[in-house]
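>>> quick one: sequence plus predicted model below, questions after.
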Amino acid sequence: MGSEILLLDSWVSMFGMRVRIALAEKGIKYEYREEDLRSKSPLLLKMNPVHKKVPVLIHNGKPVSESLNAVQYIDETWKDISPLLPSDPYYRSQSRFWADFVDKKVYDAGRKIWTTKGKDQEKAKKEFVECLKVLEGELGDKPYFEGESFGYLDVALIGFYSWFYAYETCGNFSIEPECPKLIAWAKRCMEKESVSKSLAEPQKVYDLVLILREKFGID
């Protein structure tokens, strides 16, 4: 399929990482354009006028916004290459349910860890670990969330792994003792080139978080 693909993204976005991974899994070549989120480009504002956020996947001039939506679009458009969503409608619905859980629960709890301190931060840490334990229960003893193969829910969650170091360092806690199976899963995912080359470096994420905490007057 001949096509022009452009990704408007930010290197630190765990949501953008999803789209990068999905494209890499499919072996799709694309142009990457880094957005300055402090001064958003006219193209970003034109292609995502509602939310004005990255990532935005632009395929032959047509924008696809919101990361999970973009991953599903990629999977459906190039459905014969490394399918991500299960073929069975029920299991597909379950993958979407848990991806929604990641967006609504994991993201908010993780953000609160680095944007708060004191009692609020302690509460956020507890909420975050509880969310990860729920996901760990869903993972069970499977190598990947959908089973034997790397799939949609793995793509939805693994980007957060690049932020774990920042969460742990800001919150002064360790995730692995609480969720060893989940960390083992993350390390397994990182063995895939599509993942390791798409994720931000944890130290760089933490360095940015320190700058943001100072800017917001948290420290």
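Now that the structure is in, tell me what you want to look at. Numbers count the residues shown, from 1 in each chain.

>>> tell me the confidence at Met1?
As predicted, Met1 sits at a pLDDT of 42.

>>> what helix or strand is Leu157 on?
helix 152-158 (DSSP states H and E).

>>> got it, and Ala184?
helix 180-190.

>>> other SSEs contacting that helix?
Using 3 or more C-beta pairs under 8 Å, 6 or more residues apart in numbering; DSSP states H and E, the elements in contact with helix 180-190 are helix 118-139, helix 152-158, helix 161-171. (Each C-beta comes from the backbone N, C-alpha and C, glycine too.)

>>> mind checking the pLDDT average for that helix?
Averaging pLDDT along helix 180-190 gives 98.

>>> check stretch 125-132 too.
In this model, stretch 125-132 carries a mean pLDDT of 98.

>>> stretch 38-57 now?
In the prediction, stretch 38-57 has an average pLDDT of 96.

>>> quote the end-to-end distance of that stretch.
From its first residue to its last, stretch 38-57 covers 20 Å (C-alpha to C-alpha, to the nearest Å).

>>> would you mark the buried spots in it?
44, 47-48, 53-57 (16 or more other C-beta atoms under 10 Å).

>>> which outside residues touch the helix holding Ala184?
For helix 180-190, the external contacting residues (C-beta atoms under 8 Å, 6 or more residues apart in numbering) are 132, 135-136, 139, 141, 143-145, 150, 154, 158, 161, 164, 175-176, 195-196, 199.

>>> and those, which are buried?
Buried members of those, scored by 16+ other C-beta under 10 Å, are 132, 135-136, 139, 144-145, 150, 154, 158, 161, 164, 175, 195, 199.

>>> distance to Glu25 added to those residues, as CSV?
CSV is the format used below for these (distance: C-beta to C-beta, whole Å):
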residue, distance to Glu25
Leu132, 24
Leu135, 21
Glu136, 23
Leu139, 19
Tyr144, 12
Phe145, 14
Phe150, 7
Asp154, 10
Ile158, 11
Tyr161, 16
Phe164, 22
Ile175, 25
Val195, 9
Leu199, 13
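
>>> list just the nearest of the residues you listed to Trp78.
Using C-beta to C-beta, Phe150 is the member of the buried ones among the contacts of helix 180-190 that sits closest to Trp78, with 15.4 Å.

>>> which residues touch the closest one?
By C-beta under 8 Å, 6+ apart, Phe150 lies in contact with 25, 84, 144, 189, 192.

>>> so how far is Val50 from the third one?
Distance of Tyr144 to Val50, computed by C-beta to C-beta, to the nearest Å: 33 Å.

>>> show me the helices in this protein, by range?
Using DSSP state H, the helices of the chain run over 14-26, 42-47, 67-77, 89-101, 107-115, 118-139, 152-158, 161-171, 180-190, 193-196, 202-215.

>>> hey, which of those is tucked in deepest?
Highest mean neighbour count among the helices of the chain (mean count of other C-beta atoms under 10 Å): helix 152-158, with a mean of 27.
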